[in-house]
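Asker: missing the sequence, but the structure's below:
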């Protein structure tokens with residue numbers, strides 16, 4: 001309340017991924033509670049925040065140097081696009097196993113979290129062969 005006069009100002013700071021712990025008197029616990037509230041009350045703003053932030057990877061591709069993503073051995077090949085330098089980083093395995101895990105870019109070494117919802121959407125859209133399940 002001391003740092004943001006209106007909820008709208010707080011939501012704008014959330015959208016910009018401002019760290020609340022940078023303000024005097026705001027600790028991790030309070031910051032997490034405010035973030036949890038904002039994530040639940042403003043899901044579209046949260047989605048925009050994650051897409052704009054370098055802390056979260058929300059972009060994936062099948063355009064990489066690994067074999068075709070639907071080969072006969074049942075292994076899934078895809079890549080995450082680094083949110084900082086846009087390097088394509090190949091991955092091998094079930095996309096579900098990569099959800100909400102941090103990975104470092106092989107070029108700039110920036111570590112971002114492979115955001116669960118965007119990874120699932122990518123897998124359903126790009127890796128599925130018409131089934132509702134992602135190939136293992």
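Answerer: Sure thing, it's come through. A quick note: this is a predicted structure, and the numbers were derived from the prediction, not measured.

Asker: Just give the closest residue to the spatially most central residue of the chain, not the sequence neighbours.
Answerer: In the chain, the C-alpha nearest the mean C-alpha coordinate belongs to residue 115, at 2.8 Å (Cα atoms, centre = their mean). Nearest residue to residue 115 in three dimensions, chain neighbours excluded: residue 56, at 4.6 Å (Cβ to Cβ, 6 or more residues apart in numbering). Placement of C-beta: from N, CA and C, glycine included.

Asker: give the contact list for the one you found.
Answerer: 50, 83, 112, 113, 115 (Cβ atoms under 8 Å, 6 or more residues apart in numbering).

Asker: Is it possible to get TSV of those residues that adds pLDDT and distance to residue 29?
Answerer: Output for these, formatted as TSV (pLDDT from 0 to 100; distance: Cβ to Cβ, whole Å):
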residue	pLDDT	distance to residue 29
50	88	22
83	95	27
112	96	25
113	95	21
115	94	24
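
Asker: Which one of those is nearest to residue 43?
Answerer: Set against residue 43, the nearest of the contacts of residue 56 by Cβ to Cβ is residue 50 (10.6 Å).

Asker: Tell me how far that closest one lies from residue 64.
Answerer: Using Cβ to Cβ, to the nearest Å, residue 50 is found at 22 Å from residue 64.

Asker: Same question for residue 5.
Answerer: 47 Å.

Asker: Those two: which is more packed in?
Answerer: residue 64 (18 against 9; other Cβ atoms under 10 Å).

Asker: all strands of the protein, in order?
Answerer: 56-57, 60-61, 77-81, 88-92, 102-104, 111-114 (DSSP state E).

Asker: helices or strands up against the second one?
Answerer: In this case it means strand 60-61. strand 77-81, helix 116-122 (3 or more Cβ pairs under 8 Å, 6 or more residues apart in numbering; DSSP states H and E).
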